[in-house]
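> need a 3D model of the following:
(one chain, ligands or ions: 1)
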Amino acid sequence: MRLERLQLRALRCISDAGLEFAPGFNVLVGANGAGKTSVLEAAFLLSHGRSFRSGAREALLQRGSAGLSIFSTVRHADGRLVRLGLGREGSRWEARVEGQDVLIGQLVRECAIVCFEPGSHALIAGSAEERRRFLDWGVFHVEQEFLPTWRRYQRALKQRNSLLRSNQAPDDDIYSPWELELARTGTLIDQWRRVYLAALTGYLREQASALLPELGAAELRYRPGWPEGDDLVQVLANQRRRDLAKGHTSAGPHRADWSLSFELAPQREHLSRGQEKLVALVCLLAQARLDAERRGEWPVVCLDDLASELDLSHQVAVIERLEAAPAQVLITGTEIPVPLRQAQTKVFHVEQGRLTPLL
Ligand SMILES: Nc1ncnc2c1ncn2[C@@H]1O[C@H](COP(=O)(O)OP(=O)(O)OP(=O)(O)O)[C@@H](O)[C@H]1O
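Reported below is the predicted structural model:
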């Protein structure tokens, strides 16, 4: 898929801007703080319902503005054109597909965008929550039932945690209904995650051998969040007393994690900071590749500040791979990245929130 048009209003330093993107490479060039990342952030918001930057969603609203809006026209590989919108008026976020109000989950399903940005190394070096989010975004895009099941799981988890916190005696009749629900939905979530990771593994190995051949073979490890092979309902019942002392549920898919290790870098601590970033990029490109396989079209790939994140040879390798995909790519930088200077690239100049097409 590709973004044909993106229209932004009152997003960070961008008061009002419209961009017509080219199908291939698009570069947003400008000084620090000009508003380049904010454009990628807007695209990411449509596809994830949240920003990749930390902080409250309120910070996205231009200072002094009561609302913001993001509109996009998305062209799918089969020629279908879909109009998407996300906005905030007053205290409410509203999502639209083809002018109809929809839930944010429905909007996100229509738009697939992966984004590599300076914070992406958290996928490797950060908390397990980052890795679960990555995993669940992938599962969500292929499994229709994932979101409602995940919501049911979260509801049951909240209920069990509030029983634990209010120090309810660990009796079956109080805890069992919630534990049954947790086990039923949690086991499904775990199965979907395993199927997704199994499909992702080949693409992870392929991307890793292209971008990080010096690290040797890559291996993916998954930890479901409770002892492998055990029945979750039994685990929860057995852990009630321990969980009462802790005040929260200590087993289940909300504790899952995965990691990518390498023959010559078996532990994360063996990776340099730059290699951590490259491993994160490997994961994102593998996810994009799998998404392309499943949906029959590449997601849009955003690379924020590419030239300061990767050395020149890795920039070349990534750009060549995306050119061959072929994917629509949005790149930001204080200058046009060297490998794109001779290529067919649409360039936008960004200055104090104003966007001007150059070439
Ligand atoms: N809510 C807001 N209202 C108005 N301006 C904001 C708001 N939030 C951030 N800004 C400003 O908007 C700009 C956002 O910049 P952005 O991160 O998009 O810049 P960038 O061009 O990617 O910069 P860099 O090259 O430094 O990463 C900054 O100048 C910032 O101070």
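> can you pull out the strands in the stretch 151-300 of the chain?
Along the stretch 151-300 of the chain, the segments classed as strands by DSSP state E, counting those that start in this stretch run 218-223, 257-262, 300-303.
> deepest of the ones you listed, which one?
Mean neighbour count (mean count of other CB atoms under 10 Å) peaks for strand 300-303 among the strands of the stretch 151-300 of the chain, with a mean of 26. Where you see a C-beta, it was placed from the backbone N, CA and C, and this is true even at glycine.
> by contact count, what packs against that strand?
For strand 300-303, the packing partners by 3 or more CB pairs under 8 Å, 6 or more residues apart in numbering; DSSP states H and E come out as helix 36-48, strand 113-116, helix 273-295, strand 329-333.
> and the second one, is it in reach of the ligand?
No. Legend: contact between strand 113-116 and the ligand by CB under 6 Å from any ligand atom is lacking; minimum distance shown is 12.5 Å.
> what about the residue most central in space within the chain, helix or strand, and which?
For the chain, the residue nearest the mean C-alpha position is residue 134 (5.1 Å; CA atoms, centre = their mean). Assigning secondary structure by DSSP states H and E places residue 134 in helix 128-142.
> could you check the angle helix 36-48 makes with that helix?
Put simply, helix 128-142 runs at 60 degrees to helix 36-48, going by axes from the mean of the first three to the mean of the last three CA atoms, to 10 degrees.
> residues making contact with helix 128-142?
Helix 128-142 has contacts (CB atoms under 8 Å, 6 or more residues apart in numbering) with 48, 105, 108-109, 112, 122-123, 146-147, 150, 189, 192-193, 196-197, 200, 254-259, 283, 287, 290-291, 294-295.
> need the nearest residue in space to the residue of the stretch 151-300 of the chain found nearest the ligand, chain neighbours excluded.
Residue nearest to the ligand within the stretch 151-300 of the chain: residue 277 (15.5 Å; CB to the nearest ligand atom). Using CB to CB, 6 or more residues apart in numbering and skipping the chain neighbours, the partner closest in space to residue 277 is residue 121 (4.7 Å).
> please apply the same query to residue 46.
Counting by CB to CB, 6+ apart, residue 111 is the residue found nearest to residue 46 once chain neighbours are left out, at 4.7 Å.
> and for residue 71?
In space, residue 71 comes closest to residue 7 once its chain neighbours are excluded; the distance is 4.2 Å by CB to CB, 6+ apart.
> wait, a strand at the one you found?
Yes. Counting by DSSP: H, G, I helix; E, B strand; the rest coil, residue 7 is found in a strand.
> that one touches residue 17, doesn't it?
Yes. Using CB atoms under 8 Å, residue 7 is in contact with residue 17, at 7.4 Å.
> got the angle for the helix ranked longest in the chain vs strand 257-262?
The single longest helix within the chain, with elements called by DSSP state H, is helix 172-211. Computed by the same axes, to 10 degrees, the angle separating helix 172-211 from strand 257-262 equals 20 degrees.
> which bits of the stretch 251-359 of the chain sit near the ligand?
Residues of the stretch 251-359 of the chain lying near the ligand (CB under 6 Å from any ligand atom): 305, 332, 350.
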